[in-house]
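Participant: below: sequence and its predicted model.
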Amino acid sequence: MNPISVQNLNKSYGGVEALADISVEVEPNELFGFIGPDGAGKTSLFRILTTLLKPDSGEASVLGLDVVDDYRTIRTKLGYMPGQFALYEDLSVRENMDFFASVFGTTLEANYDLVAPIYSQLERFEDRLAGALSGGMKQKLALSCALIHKPELLVLDEPTTGVDAVSRQEFWQMLQQLKSQGITIIASTPYMDEAEQCDRVALIDNGHILNIDTPEQVARNFDQPLLAIKASSIYELIKKLRSYEWADSVQPFGEYVHYTDKREEPDISKLELYLTEQCGLSEVEIKSIEPDIEDSFMNLMQKEVT
Amino acid sequence: MSSFRAFVIKEFKQIYRDKRTLVVLFGMPMIMMILFGYAIRNEVENAQVVVLDASQDEVTRQLISKIDASNYFSVEGSIQRYDEIETLFQQGSVDEVLIFEADFARKLKRGGQPAVNVITDASNPNLAQLIQQYSSSIIIDFQQQWSANGGTGPGGISTHANMLFNPQLESVNLFVPGLIAVILMLISSLMTSISITREKEMGNMEILLVSPLRPMQIIIGKVLPYLVLSFVNVLTILALAQWAFGVPFQGSYGLFLLESVLFIFMALALGVLISTKAEDQQTAMMVSLAGLLLPTVLLSGFIFPISSMPMVLQWISNLIPARWFLVIVRSIMLKDSGLLFIWKETLILLAMTLGFIALSIRSFKVRLE
């Protein structure tokens, strides 16, 4: 029995489709990521899995229990961290911990070992009001509160949104640690670079799951040669590349533009000539690169549109 | 059960932490009490009276000096012609004109009913009504004395009943019950609905739902602190009314407190009901203020008597819980009525309470949609 099993799930809000025919299996003790842009349907899916919303059609079971019929039992077994910081800002760190521990019929002392790696960083601020914590600290507190009753499954909706890069890194390390204690974790994120932290990821966009695979495999699915191109004016570069006769996809990636060609092998020297001579761009730099998960995701999204 | 206890403790802590709201919660009853007690007086003091005495006999002179002698009126002068009356009122220097019919004393001695015409300035209807009541009560009083002293003529007692329980028409006596209703409504309904919708708005409800806490426990846990707060406020108002304003309390304290608790429950249930419908604090506040507080103030008989409202509003006032509570409290405080006299109103409140509770349970969402 898989901790999460979803078949042909549909959900729409007043005619607007949020989830379309979603099917996904999460295996025991997996760290599973749902990756997609804002509005992709991640939160809707998580709310169905945490019994907060009813699906319009399809089946979903969590820890072997149906999300509609057995919602009450599921609620006692989950650890859930919503996307919005949902602890009490007018209670102190310690009071929040004690409150959620008591609500789940336990105490901080009883499960201290489990939360210790995370909570120990907060202990210095035990008397501080939760509202006065930094973003990263808030996330740690929320995670500690979600963990306090030793849940079998941890559901984290965008746990790293609004958190600085260092804290994000740290947060994923904590999740790895929890995973090693046998907890199954699903987390959603809009950040592609966090995909590599997961055992498997589901790429989700517009309510559709585009691909479910290991992060390495997702990147490898990208089967075209990829070029990274740079020039003095990114804007001009993108415009010229898009009007180039062989251009397939042109995506800005930071200071570079990722480019694929309609042909099997792109002719780099001809392309360079086109950009410098015909278009008059300066400081043109073209190099061949290995695709990563973000390229793959962009590619899949584009295929879905066309 | 331990989760429920933790929830209630958390609620009390949050209310206690929010010092500003706390000051408002406990300060408001006192401020309102003082405002209504001192500032907003509905009593008549030294209303300016002008007489048109067409009779000029010993009876009218006695009556005029009796009116002049009272604290409520001072006779400013007399006029001779009817057409002066309108000018006087237009100048705004006069509150009342008393017109005595000709041959006043002779008619009264013969057992007839000589007429006193009481004209007031109804641009301030409340004041005009009060002045009329005051004057007619003085006239009736005079008439009775006259009969008792051997004079003939039928004694008028028709208006007497209106003033039996508040002979001085002291407004503070009438305001206290209404004030209790308004404050309980404000604290119980407004505060609970805001406090529950705040959990929704801040996203706390999302994790509370995904926990072993049952909806019932969440609601009761939310409501309990406000029950205590409201009860403390009832005691405060009562103490202030008695010691600061000397409002008489004729009836049983036990019955009064029981009825108050019933009304608090009603208001709490209403607050919960609002919170199940409202998505954010702002909506909850607007609904509570506009939908509950205004009708409680305006339609319950707190300030404006129900009998003087148009029929449509009189019907609507039947739906206002405070209307029934007001009858109950006034009966207990001013008339020493037992449950026997107010069981009907009590039953209506009880039915409303149960109705609101049932509705809230039905509309409480165990999910987010």
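Facilitator: Received, thanks. Numbers count the residues shown, from 1 in each chain, chains lettered A, B, ... in the order given.

Participant: what about residue B:34, which helix or strand?
Facilitator: Using DSSP states H and E, residue B:34 sits in helix B:19-34.

Participant: for that helix, the distance to its chain's centre please.
Facilitator: 19 Å (C-alpha atoms, centre = their mean, to the nearest Å).

Participant: which residues touch the residue of the stretch 101-250 of chain B found nearest chain A?
Facilitator: Across the stretch 101-250 of chain B, no residue is closer to chain A than residue B:203, which sits at 3.8 Å (C-beta to the nearest C-beta). C-beta coordinates here come from the backbone N, C-alpha and C atoms, glycine included. Listed by C-beta atoms under 8 Å, 6 or more residues apart in numbering or on different chains, the contact partners of residue B:203 are A:82, A:84-86.

Participant: distance of the residue of the stretch 101-250 of chain A found nearest chain B from residue A:244?
Facilitator: Per C-beta to the nearest C-beta, residue A:102 is where the stretch 101-250 of chain A lies closest to chain B, at 3.3 Å. Counting by C-beta to C-beta, to the nearest Å, the separation of residue A:102 from residue A:244 is 64 Å.

Participant: kindly report the same for residue A:130.
Facilitator: Taken as C-beta to C-beta, the span from residue A:130 to residue A:244 is 54 Å.

Participant: how about residue B:149?
Facilitator: 120 Å.

Participant: same check on residue A:49?
Facilitator: 45 Å.

Participant: give me the more crowded residue out of those two.
Facilitator: residue A:49 (26 against 18; other C-beta atoms under 10 Å in any protein chain shown).

Participant: where are the low-confidence patches of the stretch 151-300 of chain A?
Facilitator: Across the stretch 151-300 of chain A, nothing is flagged by pLDDT under 70.

Participant: can you map out the strands along it?
Facilitator: A:153-156, A:184-189, A:200-205, A:208-213, A:226-230, A:247-253, A:256-261, A:285-289 (DSSP state E, counting those that start in this stretch).

Participant: in CSV, list the ones you listed along with mean neighbour count.
Facilitator: Formatted as CSV, the strands of the stretch 151-300 of chain A follow (neighbours: other C-beta atoms under 10 Å in any protein chain shown):
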stretch, mean neighbour count
strand A:153-156, 23
strand A:184-189, 24
strand A:200-205, 23
strand A:208-213, 18
strand A:226-230, 19
strand A:247-253, 16
strand A:256-261, 21
strand A:285-289, 13
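
Participant: got those strands as TSV, with distance to residue A:112 columns?
Facilitator: Shown next, in TSV, are the strands of the stretch 151-300 of chain A (distance: least, C-beta to C-beta, whole Å):
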stretch	distance to residue A:112
strand A:153-156	18
strand A:184-189	20
strand A:200-205	31
strand A:208-213	36
strand A:226-230	49
strand A:247-253	44
strand A:256-261	48
strand A:285-289	47
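
Participant: make JSON lines out of the ones you listed and add distance to chain B.
Facilitator: Listed next are the strands of the stretch 151-300 of chain A as JSON lines, based on distance: least, C-beta to the nearest C-beta, whole Å:
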{"stretch": "strand A:153-156", "distance to chain B": "8"}
{"stretch": "strand A:184-189", "distance to chain B": "14"}
{"stretch": "strand A:200-205", "distance to chain B": "20"}
{"stretch": "strand A:208-213", "distance to chain B": "22"}
{"stretch": "strand A:226-230", "distance to chain B": "41"}
{"stretch": "strand A:247-253", "distance to chain B": "34"}
{"stretch": "strand A:256-261", "distance to chain B": "37"}
{"stretch": "strand A:285-289", "distance to chain B": "41"}
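
Participant: residue contacts, residue 56?
Facilitator: Since you didn't name a chain, this refers to chain A. A:10-12.

Participant: could you rerun that using 6 Å?
Facilitator: For residue A:56, the contacting residues are A:10-11, by C-beta atoms under 6 Å, 6 or more residues apart in numbering or on different chains.

Participant: next: the one 5 residues further on.
Facilitator: Applying C-beta under 6 Å, 6+ apart, one finds that residue A:61 lies in contact with residue A:5.

Participant: is it true that it lies in a strand?
Facilitator: Yes. Counting by DSSP: H, G, I helix; E, B strand; the rest coil, residue A:61 falls inside a strand.

Participant: so what pLDDT did the residue of the stretch 101-250 of chain B closest to chain A get?
Facilitator: pLDDT for residue B:203: 87.

Participant: what do you get for the one 5 residues further on?
Facilitator: Residue B:208 is assigned 91 on the pLDDT scale.

Participant: three-state assignment of it?
Facilitator: helix.

Participant: just give me the neighbour total for it.
Facilitator: Neighbour tally, residue B:208, other C-beta under 10 Å: 20.

Participant: before we move on, which element is the closest residue in space to it that isn't next to it in sequence in?
Facilitator: Excluding the flanking residues, the one nearest residue B:208 by C-beta to C-beta, 6 or more residues apart in numbering or on different chains is residue B:218, at 5.9 Å. Applying DSSP H and E as the criterion places residue B:218 in helix B:215-243.

Participant: by contact count, what packs against that helix?
Facilitator: helix B:2-17, helix B:19-34, helix B:171-184, helix B:192-201, helix B:253-277 (3 or more C-beta pairs under 6 Å, 6 or more residues apart in numbering or on different chains; DSSP states H and E).

Participant: roughly how far does the closest residue to chain A within chain B sit from residue A:267?
Facilitator: Residue of chain B nearest chain A, by C-beta to the nearest C-beta: residue B:6 (3.3 Å). Using C-beta to C-beta, residue B:6 is found at 70 Å from residue A:267.

Participant: and the two? which has more neighbours close in?
Facilitator: Neighbour count, other C-beta under 10 Å: between residue B:6 and residue A:267, residue B:6 has more, with 20 against 12.

Participant: ok, that one - contacts?
Facilitator: Counting by C-beta under 6 Å, 6+ apart, residue B:6 has contacts A:99, A:102-103.

Participant: Three-state assignment for the residue of the stretch 101-250 of chain A closest to chain B, please.
Facilitator: helix.

Participant: what's the local residue count around it?
Facilitator: 20.

Participant: what about it, distance to residue B:221?
Facilitator: Residue A:102 is 12 Å from residue B:221, by C-beta to C-beta.

Participant: okay, which residue is most central for chain A?
Facilitator: By C-alpha atoms, centre = their mean, chain A has its centre lying nearest to residue A:189, at 2.2 Å.

Participant: OK, contacts around that residue?
Facilitator: A:35, A:160.

Participant: name the SS class of residue B:44, please.
Facilitator: coil.

Participant: tell me the buried residues in stretch A:107-118?
Facilitator: Residues of stretch A:107-118 classed as buried: A:108, A:111, A:114-115, A:118 (neighbour count, 16 or more other C-beta atoms under 10 Å in any protein chain shown).
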